[in-house]
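K.L.:
using only what follows, build the 3D model:
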Amino acid sequence: MKCLVVIAHPLGDSLCQALARSAIEALSAAGHEVVVEDLYASAFPPALSAEERRSYYAAGFDARAVQAQAERLLAAEALVLVFPTWWFGFPATLKGWFDRVWAPGIAYDHARDLGAIQPRLLKLRRALMITSLGSPWWVDRLVLRQPVRRVLKTALLGTCAPACRLQALSLYKAERLDDARVEGFRRRIRRTIAGWRG
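P.N.:
Residues are numbered from 1 along each chain as shown. Predicted coordinates for the structure are as follows:
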């Protein structure tokens, strides 16, 4: 499959970058075609511009500034997102990538009556969320009910790529990890990707 790996962490030596490398290695080993979009390394501007917002409901969204990112997204059959969960949400740069690239005419089309949107990411069949959290599992799952996973599954993939299957791998208590836990999580990444059969 054509796989787009999107990384959102500002530090090159971070845990998330190491997890992203594990995912990229596993994808390559399985024979997938891999394209990497490192949002911090490319200095992706997350803020929706005035021109982009003004064109959101016009005849055509002004995608000139994100054309390359849009083309990579539209070509993808699988999407791997690697990011830290901060305050139980996406890092600003990743949220901005959703705001600016998952836009009308790219990820979806507006209905004429502004009702339910029409999906455009019909090639996207698989998505893998790899995230680290400082909190214990029970806070994310029981107290907050996995807000990041729910937004990704329901609001983004559910409306723009309805045929896409989401898998989520969350590494909890990420500030207090030992090598064994990190390696165990990397094995989960490798096993998950090895199980992809198109």
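
K.L.:
list the buried ones in stretch 124-137?
P.N.:
Neighbour-count burial for stretch 124-137 flags Leu124, Arg125, Arg126, Ala127, Leu128, Met129, Ile130, Thr131, Ser132, Leu133, Ser135 (criterion: 16 or more other CB atoms under 10 Å). C-betas here are computed from N, CA, C, even on glycine.

K.L.:
what sits against the fourth one?
P.N.:
This means Ala127. Ala78, Leu79, Val80, Leu81, Leu152, Leu157, Ala161, Cys164, Arg165, Leu166, Gln167 (CB atoms under 8 Å, 6 or more residues apart in numbering).

K.L.:
do that again at 7 Å, thanks
P.N.:
The neighbours of Ala127, taking CB atoms under 7 Å, 6 or more residues apart in numbering as the test, are Leu79, Leu157, Cys164, Leu166.

K.L.:
could you dump the helix or strand Val35 falls within to PDB, C-alpha only?
P.N.:
Per DSSP states H and E: Val35 is located in strand 33-38. Written as PDB, here are the backbone C-alpha positions of strand 33-38 (Å, rounded to 0.1, in the frame of the first residue of the first chain):
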ATOM      1  CA  GLU A  33       5.600   2.400  -0.200                       C
ATOM      2  CA  VAL A  34       6.300   4.900   2.500                       C
ATOM      3  CA  VAL A  35       6.100   8.700   2.300                       C
ATOM      4  CA  VAL A  36       7.000  10.700   5.500                       C
ATOM      5  CA  GLU A  37       5.500  14.000   6.400                       C
ATOM      6  CA  ASP A  38       7.300  15.400   9.500                       C
END
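
K.L.:
hmm, which two among the buried residues of stretch 124-137 are most spread apart?
P.N.:
Arg125 and Ser135 (30.8 Å; CB to CB).

K.L.:
quick revisit: how far does the strand holding Val35 sit from the chain's center?
P.N.:
12 Å (CA atoms, centre = their mean, to the nearest Å).
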